[in-house]
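> Mind folding the following:
(4 chains)
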2 protein chains.
Amino acid sequence: MKQKITLKKIAQEFDVSISTVSKALKDSHEIGRETRDRIQAFAKFYNYRPNNIALSLKHRKTKTIGVIIPEIVHYFFALIIEGVEHIASERGYNVVVALSNESLEKEIINMETLADGLIDGFILSLSKETLRMQDYHHINEAMGLGMPVVLFDRTVPEIACDKVVIDDTQSAYNAVMHLFERDRKNILLLTTEDYISVGRLRTQGYFQALQEKEMPLNNDLIIKVVDHENSDIIMSQLEADILKAFKQHPNIDAIFAVNEIYAAAALRVVRKLELKVPEQVSIICFTDGLISKYSSPTLSTVSQHGEEIGKQAANLLIDRLESSDDDYPFTTSVVACSIVQREST
Amino acid sequence: MKQKITLKKIAQEFDVSISTVSKALKDSHEIGRETRDRIQAFAKFYNYRPNNIALSLKHRKTKTIGVIIPEIVHYFFALIIEGVEHIASERGYNVVVALSNESLEKEIINMETLADGLIDGFILSLSKETLRMQDYHHINEAMGLGMPVVLFDRTVPEIACDKVVIDDTQSAYNAVMHLFERDRKNILLLTTEDYISVGRLRTQGYFQALQEKEMPLNNDLIIKVVDHENSDIIMSQLEADILKAFKQHPNIDAIFAVNEIYAAAALRVVRKLELKVPEQVSIICFTDGLISKYSSPTLSTVSQHGEEIGKQAANLLIDRLESSDDDYPFTTSVVACSIVQREST
DNA sequence: TAGCGTTACGAAAACGTTTGCGTGTTAAAA
DNA sequence: TTTTAACACGCAAACGTTTTCGTAACGCTA
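I've put the predicted structure just below:
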C-alpha cells in the first residue's frame, strides 16, 4: 500500500522547498523551466492530487453542499437528489446527503454536524415534525452563521431564504379542472392534514376549482389522511374511508389524490367495487412516480418535475455561494407542474 | 452574521493560549478548575463546535463514507442509502453520495474526487458499463492507496474486498419453486443480458429449479431484455416480446421476473389478454418495491432487504476503518432474501 | 566597482485543531 | 533555607495546502 503523495514528499525528493513544488505544479513563472518540468513529470507519474481537506481548511470552503431530506425512499426526493447531484457535479461540487426521517431532532443534529465545516450550504425540505412544531430556529441559526439555505417543496414563509416550490394550488386547480373537462361532477379528494403545507395548498386548489364551476362543497367528499408511524395502518384506514365514501355517495365519478400512494389506495378500492377506470371513475394524483407509471391502468398525474426542482435549488445555492455580493436578494423560484395524462382519465 | 467561533477567538477573549482552551474544553486536569469552568461556560454560550475540517486534517480521517451507486431513482438503491445512513449516523459517520449513472467514466471521476481526502472508505455497486468493460483498475487503485472498499449487489470475483451480496441463484430458485408449489408448469422468465451478474445468477436459479423438477428447458420462455438508454423503448419492446410469447405458448401459467419493472410490464400484458391473476397466471419478481406493493393485484416478490444490505455494508466498512489490524481478512456477507407473498401467487 | 534588475527559489504565515513537553509559580517536605 | 513535587499553563510541531514577501546569486550598465 503506497501512501498518498504530498507536496512535502515531492519536495524531499527534489531537495527543494514545498512552496517551490506548489508553484511548479501551478506552472508559475517564478520557477525555472527545467525544475518545473521535472517536478511536473514526477507528480504526474506518482499521480499527485491535492488533498481536498487541506484545500478546504485553507480556503475556508469545502465545495460540497448538504442535502437534507425527510426520506430518501420517496421517488420525489430521489429525483431531487438526482437533480442536485447533476448540477453539483457539473459545477464542481460534491453532495452529502442526510436524512431527517421526518424528525425535528434529527434535522437539527444533521444540520449541526454538517455545518461544522463540512459543507458550504444547505438544500433542504422541512420534516413533518418541524412543520408541526413550527420550530425553525436551527435554520435561522445556520443562516446567521453565514451558511446559505435553499428550501424546497416543504417551505414556510417564516424563513427568509431562497426557495424552490411548485405552485401547489394552481396545479391542484388544473388537475381538478382536468377532471371537470371530462364531465366529472363528484370528485373525491384524498389529502393530508392541514399542517403539511403542500396538502393544504392542494386542497385549496380543489376548493378554487369547485368554486369556479359553482359546484357545492361537500365535506363528505374530502378525506384527510391522518399521519401515523406505520404506513400499513394509514393505508388500510384510508381504504376503509374511501370505501365508506363510495357507499355514501355512489355517484362519485372521480378521485383527486395529493400523492400517488393515496391514488394507489383509491385504485384498489375502485377495483374492489368493480368500477371501471376511467369510464366510471377517473383518477388523477400528484407525484409522477413509478406507481403511476407502472400501475394498471396507468395513472394520470401532476408531475412536479423533481429533478428540475433539484437542479434549480442547486443552481440557486451555488450562485449565492459564488456571489461576492453579500446581500444578494432572496428569490423564490416556482417550477411549473404539468399534467401527464395516462389511462386513468 | 456573527462569525463561527474558534479556539483562537476564545483564547483571545480570556487572554490564554489556544492549547489551554482546547484542553479546558476537553476537561483536562492540566487546566485549573476555575479557568476550565469559565472557558466552558463561554464556549457553551457561543455554541462552540470544533471545525470538522481541521479535525480531519489533523487526524487524517474524515469520518465520512462515500457511497457510489449507479442510479438513485431505484427503490433498491434508495433503500441501500437508507441502511448505510442509518448505521453511519449511529456510529458517528457522515455519508456522501455520488451517482455513476451507469457510466464507467463517472464512476472513476467520482471515486477520484472523493478519494482526495474527502472520505475514509467506499461503499459501491458497479455500474453496468464497468461490468461490461470489465475494467476495475480504479477500484484496485483506491484500495492500493489504503482506501477500503465494500462492494454490494453488483460485485465481481476479480476484486478482492469486502462484499455484501444476496444469494441470487438460490433466491431465484426459491421463487421458481414457489411457483411450482402452486402447480405452475410453464414459467416465463423475464431477465437481463448475461453481463449483468444479478440477471445471470437469477437465470441460473431458474435453470436449477427446472432441472430439479425435471422440466424441459424451453428457450422461447426466456426473454432477455436488451438494455437501452430510453426506458420507454425497453418497456414497449418487452411488452411486445411478452405478448408474442403468450401467442406462441398460450399455456404459460406463471411469470418470473428479475425485477419489478419487468413484472409490471408482464402485468399489463396479462391484463390486456384478460387473463386472471393469479388464477390463470401467477407472477413473482425480484425487488420488493413500491410497484409490487401498490399495484393491483399486489405482486409477490423476492425481497432483497436493501436496507439490511446497506447496514451490513456500512458496518463492514466501519469495522475495517476502525480496526488497527492491517490484514483483517475480507468477508463476503450473504444477506438472505425472503419471499413476500401477495395477491399475484 | 557600486548599483540595479532578473531569475529562481525559500521562509513563514495562515486555515483550526490536538498533544507532548517545557517552564514558571507556589506550597509542602526535608 | 533549600529541595521537590504538584499545579497551571504556554510553546511548538503537526496535518497539507497556498501565497506573500523576502533574498541570494548573477549579469548588466554606468
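> Send over stretch A:176-186 as CSV, restricted to the C-alpha atoms.
The C-alpha trace of stretch A:176-186 is given here as CSV (Å, rounded to 0.1, in the frame of the first residue of the first chain):
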residue,chain,number,x,y,z
VAL,A,176,-59.4,19.2,-10.9
MET,A,177,-60.2,21.2,-14.0
HIS,A,178,-58.8,18.3,-16.0
LEU,A,179,-61.5,16.2,-14.3
PHE,A,180,-64.3,18.7,-14.9
GLU,A,181,-63.3,18.8,-18.6
ARG,A,182,-64.1,15.1,-18.7
ASP,A,183,-67.5,15.8,-17.3
ARG,A,184,-66.8,14.6,-13.8
LYS,A,185,-69.2,16.1,-11.2
ASN,A,186,-68.5,14.4,-7.9
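> quick one: residue A:130 and residue A:106 touch, right?
No. Residue A:130 lies out of contact with residue A:106 (C-beta atoms under 8 Å); the separation is 10.1 Å. Any C-beta I mention is one placed from the backbone N, CA and C, and that applies to glycine too.
> list residues touching both of those two?
Common neighbours of residue A:130 and residue A:106, using C-beta atoms under 8 Å, 6 or more residues apart in numbering or on different chains, are residue A:100.
> At the contact with chain B, which residues of the stretch 151-300 of chain A appear?
Proximity of the stretch 151-300 of chain A to chain B (C-beta under 8 Å from any C-beta of the partner chain) is limited to residues A:260-261, A:264-265, A:267-268, A:271, A:289-291, A:294-296.
> which sections of the stretch 1-150 of chain A are below the confidence cut-off?
Applying pLDDT under 70 to the stretch 1-150 of chain A flags residues A:1-2.
> For it, which residues are neighbours of DNA strand C?
Counting by C-beta under 7 Å from any atom of the strand, the positions of the stretch 1-150 of chain A adjacent to DNA strand C are A:15-20, A:23, A:30-33, A:35-36, A:54, A:57-58, A:60.
> picking that back up, compare neighbour counts for residue A:130 and residue A:106 and give me the winner.
Under the criterion of other C-beta atoms under 10 Å in any protein chain shown, the comparison of residue A:130 against residue A:106 puts residue A:130 first, with 24 against 18.
> Can you tell me which of the residues of the stretch 151-300 of chain A next to chain B comes closest to DNA strand C?
Nearest to DNA strand C among these, counting by C-beta to the nearest atom of the strand, is residue A:289 at 42.7 Å.
> Helix or strand: which one has residue A:256?
strand A:254-257 (DSSP states H and E).
> in that strand, what counts as buried?
Under the neighbour-count criterion of 16 or more other C-beta atoms under 10 Å in any protein chain shown, strand A:254-257 has A:254-257 buried.
> Now name the helix or strand holding residue A:150.
strand A:149-152.
> mind checking how far residue A:214 is from residue A:325?
The gap separating residue A:214 from residue A:325 is 50 Å, by C-beta to C-beta, to the nearest Å.
> cool, residue A:192 as well?
Per C-beta to C-beta, residue A:192 is found 39 Å from residue A:325.
> Okay, strands next: where are they in chain A?
Ranges of strands in chain A, per DSSP state E, are A:64-69, A:94-99, A:121-124, A:149-152, A:162-166, A:187-192, A:222-225, A:254-257, A:282-286, A:300-303, A:332-335, A:338-340.
> Chain A against DNA strand D: which residues are in contact?
Contacts of chain A with DNA strand D, taken as C-beta under 7 Å from any atom of the strand, map to A:4, A:6-8, A:18-19, A:22-23, A:25-26, A:30, A:48, A:50-51, A:54-55, A:57-58.
> quick one, what contacts residue A:341?
So residue A:341 contacts A:178, A:300 (C-beta under 8 Å, 6+ apart).
> Just the pLDDT at it, thanks.
On the pLDDT scale, residue A:341 is placed at 96.
> which helices and strands sit right next to the strand holding residue A:150?
Helices and strands touching strand A:149-152, by 3 or more C-beta pairs under 8 Å, 6 or more residues apart in numbering or on different chains; DSSP states H and E, are strand A:121-124, helix A:137-144, strand A:162-166, helix A:306-322.
> could I get these as a markdown table with mean neighbour count?
Formatted as a markdown table, those follow (neighbours: other C-beta atoms under 10 Å in any protein chain shown):
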| stretch | mean neighbour count |
| --- | --- |
| strand A:121-124 | 27 |
| helix A:137-144 | 16 |
| strand A:162-166 | 24 |
| helix A:306-322 | 22 |
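> Distance to residue B:97 added to these, as CSV?
CSV is the format used below for these (distance: least, C-beta to C-beta, whole Å):
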stretch, distance to residue B:97
strand A:121-124, 13
helix A:137-144, 21
strand A:162-166, 20
helix A:306-322, 13
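> quick one on the thing from earlier: the strand holding residue A:256 pairs with which strands, parallel or anti?
strand A:187-192 (parallel), strand A:282-286 (parallel) (DSSP bridges).
> which of those strands is buried the deepest?
strand A:282-286 (a mean of 27; mean count of other C-beta atoms under 10 Å in any protein chain shown).
> What about residue A:343, how many residues nearby?
Residue A:343: 14 neighbours (other C-beta under 10 Å).
> thought it was touching residue A:298?
Yes. Assessed by C-beta under 8 Å, residue A:343 is found in contact with residue A:298 at 4.7 Å.
> in the stretch 101-250 of chain A, what residue is nearest DNA strand C?
DNA strand C sits closest to residue A:117 of the stretch 101-250 of chain A, with a gap of 7.2 Å, by C-beta to the nearest atom of the strand.
> could you measure that residue against residue A:124, distance?
Taken as C-beta to C-beta, the span from residue A:117 to residue A:124 is 18 Å.
> residues contacting the nearest residue to residue A:14 once chain neighbours are set aside?
Counting by C-beta to C-beta, 6 or more residues apart in numbering or on different chains, residue A:14 lies nearest to residue A:39, which is 6.3 Å off, once chain neighbours are set aside. Residue A:39 sits next to A:10, A:14, A:16, A:20-21, A:24-25, A:31 when contact means C-beta under 8 Å, 6+ apart.
> The stretch 1-150 of chain A against chain B: which residues are in contact?
A:1-4, A:49-54, A:56-57, A:62, A:64, A:72-73, A:75, A:78-79, A:81-82, A:85, A:89, A:94-99, A:110, A:112-118, A:144-146.
> Give me the buried entries from those residues.
Among these, those buried by neighbour count (16+ other C-beta under 10 Å) are A:4, A:51-54, A:56-57, A:62, A:64, A:72-73, A:75, A:78-79, A:81-82, A:85, A:89, A:94-99, A:110, A:113-118.
> before we move on, back to that, put the buried members of the contacts of residue A:39 into a PyMOL selection.
Selection of buried members from those for PyMOL, criterion 16+ other C-beta under 10 Å:
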select buried, chain A and resi 10+16+20+21+24+25+31
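> In helices only, show me the contacts of residue A:39.
If you go by DSSP state H, the contacts of residue A:39 have A:10, A:14, A:20-21, A:24-25 in helices.
> Pick the one among those closest to DNA strand D.
Of the ones in helices among the contacts of residue A:39, the one sitting nearest to DNA strand D (C-beta to the nearest atom of the strand) turns out to be residue A:25, at 6.6 Å.
> Do I have it right that the closest one meets residue A:48?
Yes. If you go by C-beta under 8 Å, residue A:25 and residue A:48 touch, sitting 7.3 Å apart.
> how about residue A:327, what does it touch?
The contact partners of residue A:327, by C-beta under 8 Å, 6+ apart, come to none.
> Before I go, just wanted to say thanks for your time.
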